[in-house]
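# This is the structure alone, sequence omitted:
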């Protein structure tokens, strides 16, 4: 359902959407004739998994093993519900635009900065639900609006219709510095979604 706003506004005669996946428990809650809920079709097979991705214009995913398939076909990936160290640990050549989860501290009554997140996220184990609760943290997924904004930005950029904002390069420089100082890692081909950055730029404070 977190994709509903994007599906409602971006699927039309020039842009359809295919929902991928294996162990999906629920069908999409929004549909039209340009959306194909592939996991619930009767034609699903391993060959088609690869074929569908090979024909996509871009691929939207979290931190998932399926990302190996669009990388194999050199397809741009839009990353959602990521944490900063995720990009550090992967080849980011194909991640064109990304947005991050947030961690809310019940004790501090605020979101943690991504620098603070980096100091506790030593391994993936830290983000298991029981571990998060023990630390008094809430893991906040991206909203419908954030996902829509990311996909919309990508399609506008792809079609040379994106209206440049005077502050977007300054925001991106701050992200680049965050990665360089925190992870000793440069993100060369990846940008963070503009509207997400504008709303959350303070989370990248060093």
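Received, thanks. Nothing here was measured: the structure is a model prediction, and the numbers come from that model.
# Every contact and neighbour count from this point should use C-alpha atoms.
Will do.
# got the phi/psi numbers for the closest residue to residue 106 other than its chain neighbours?
Leaving aside its chain neighbours, residue 106 sits nearest to residue 136 (5.6 Å; criterion: CA to CA, 6 or more residues apart in numbering). Reported as degrees, to the nearest 10, the phi and psi values for residue 136 are phi 70, psi 30.
# Now that residue 136 has come up, it's in contact with residue 107, right?
Yes. The pair residue 136 and residue 107 passes the contact test of CA atoms under 8 Å, sitting 6.7 Å apart.
# Stretch 194-206 spans what distance, first to last residue?
Criterion CA to CA, to the nearest Å; first-to-last residue distance in stretch 194-206 is 19 Å.
# go on, stretch 196-206?
So stretch 196-206: terminal residues 18 Å apart, CA to CA.
# And for stretch 118-132?
End-to-end distance (CA to CA), stretch 118-132: 14 Å.
# What about the chain, which residue is the most distant from its middle?
For the chain, the largest distance from the centre (CA atoms, centre = their mean) belongs to residue 42, which lies 28.5 Å off.
# which sections of the protein are below the confidence cut-off?
Within the chain, the stretches with pLDDT under 70 are 88-92, 121-129.
# what about the most centrally placed residue in it, which SS state?
Nearest to the mean C-alpha position of the chain, by CA atoms, centre = their mean, lies residue 80 at 1.4 Å. Under DSSP: H, G, I helix; E, B strand; the rest coil, residue 80 falls in the strand class.
# Isn't it up against residue 60?
Yes. Counting by CA under 8 Å, residue 80 touches residue 60, with 7.2 Å between them.
# can you give me the helices for the chain?
According to DSSP state H, the chain carries its helices in the segments 4-10, 46-54, 68-72, 84-88, 114-120, 129-134, 144-158, 168-183, 194-200.
# Quick one: closest of those to residue 22.
For the helices of the chain, distance to residue 22 was read as CA to CA. The smallest value, 9.8 Å, belongs to helix 46-54.
# Check which helices and strands that closest one is in contact with.
helix 68-72 (3 or more CA pairs under 8 Å, 6 or more residues apart in numbering; DSSP states H and E).
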